[in-house]
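# Turn this into a model:
(one chain, ligands or ions: 1)
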Amino acid sequence: MQCPFCQHTDSRVLESRSAEVGRSVRRRRECLQCDRRFTTYERIEFVPITVIKRNGDRESFDQSKLLRGIVRACEKTGISAIRLEALVDDIEAEFQQRAVREVTSNEIGEAVLRHLQSLSEVAYVRFASVYRQFQGIRDFVDELNHFQHRVSQVKLAANLEPSNSENSAHGLKMDEDLSRLMTHLN
Ligand SMILES: [Zn+2]
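Predicted structure coming up:
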């Protein structure tokens, strides 16, 4: 690291401290030639990850999308949202360490399972049952998002339904659909 004052290339580290919640390291240095002090930041190289979906489509890795899927599958398992966020961070960090930043949706699912296994048996079993059900049908994250979309549409339709007898029967049917959909994931 070149000294910003005299361009000398050797310095000694006076102090190292992690910054940005562990994502980078801040080092206070002293130039070995001019004795002046400066600060450097060291951070892990961050390259976007490409996800290869089951149908061959490619999209960039979306942390929040993955988190939504996991949170939904782990509802009522007692695992905090913060813990699940950390899990998603860990998984992304794993993929970041690959020589080629590409990952299949299948590998994402397996990584989630592996991490949940050490976290909570209940969460593991529940996520596995949801995940395996979707396997071979559609990308599981897509499916979960699709599901959420359907739930909101059903809710919307149920709310907008006028309350005459024919339509309230229809509304009831929608409630049944909704609860069936919910059972599917709970
Ligand atoms: Zn210097």
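# what residues does the protein put near the ion?
By CB under 5 Å from the ion, the residues of the chain that approach the ion are 3, 5-6, 8, 31, 33-34. Every C-beta, even on glycine, is put in place using the N, C-alpha and C of the backbone.
# Was I right to think Glu94 contacts Val112?
No - with contact defined as CB atoms under 8 Å, Glu94 does not count as touching Val112 (11.0 Å).
# Give me the more crowded residue out of those two.
Val112 (26 against 14; other CB atoms under 10 Å).
# how does the chain divide into domains?
Using automatic domain parsing, the domains assigned to the chain come out as 11-43, 50-139, 147-185.
# tell me, which of those domains is the model least confident about?
Across the domains of the chain, domain 147-185 has the smallest mean pLDDT, namely a mean of 51.
# List the contacts of the strand or helix carrying Ala111.
Using DSSP states H and E, the element containing Ala111 is helix 105-119. With contact meaning CB atoms under 8 Å, 6 or more residues apart in numbering, helix 105-119 is reached by 51-54, 66, 70, 74, 79, 83, 87, 90-91, 94-95, 123-124, 127-128, 131, 135, 139-141.
# Go through it and flag the buried ones.
105, 107-109, 111-113, 115-116, 119 (16 or more other CB atoms under 10 Å).
# For the residues you listed, give me CSV that also has distance to Ser16.
Below are these laid out as CSV (distance: CB to CB, whole Å):
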residue, distance to Ser16
Ser105, 38
Glu107, 34
Ile108, 33
Gly109, 37
Ala111, 30
Val112, 33
Leu113, 36
His115, 29
Leu116, 33
Leu119, 30
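# Which of those residues lies at the shortest distance from Arg17?
His115 (28.3 Å; CB to CB).
# if I look at the closest one, how far off is the ion?
45 Å (CB to the ion, to the nearest Å).
# Distance of that residue relative to Glu59?
22 Å (CB to CB, to the nearest Å).
# Any quick ChimeraX command for the buried ones out of the residues of the chain next to the ion?
Restricted to buried positions by 16+ other CB under 10 Å, the ChimeraX selection for those reads:
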select :3,31
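# Now go through the residues of the chain next to the ion and say which are in strands.
Among these, DSSP state E puts Cys31 in strands.
# just the helices in the protein please.
Under the criterion DSSP state H, the chain contains helices at 63-73, 81-96, 105-119, 121-134, 140-160, 165-185.
# pull the CA atoms of the third one into PDB?
The C-alpha coordinates for helix 105-119 follow below in PDB (Å, rounded to 0.1, in the frame of the first residue of the first chain):
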ATOM      1  CA  SER A 105     -31.400 -22.600  -8.300                       C
ATOM      2  CA  ASN A 106     -31.100 -26.200  -7.200                       C
ATOM      3  CA  GLU A 107     -27.700 -25.400  -5.500                       C
ATOM      4  CA  ILE A 108     -29.400 -22.500  -3.700                       C
ATOM      5  CA  GLY A 109     -32.100 -24.800  -2.300                       C
ATOM      6  CA  GLU A 110     -29.500 -27.300  -1.200                       C
ATOM      7  CA  ALA A 111     -27.400 -24.600   0.500                       C
ATOM      8  CA  VAL A 112     -30.500 -23.400   2.400                       C
ATOM      9  CA  LEU A 113     -31.200 -26.900   3.500                       C
ATOM     10  CA  ARG A 114     -27.600 -27.400   4.700                       C
ATOM     11  CA  HIS A 115     -27.600 -24.200   6.700                       C
ATOM     12  CA  LEU A 116     -31.000 -24.900   8.200                       C
ATOM     13  CA  GLN A 117     -30.000 -28.400   9.200                       C
ATOM     14  CA  SER A 118     -27.500 -27.000  11.700                       C
ATOM     15  CA  LEU A 119     -29.900 -24.200  12.800                       C
END
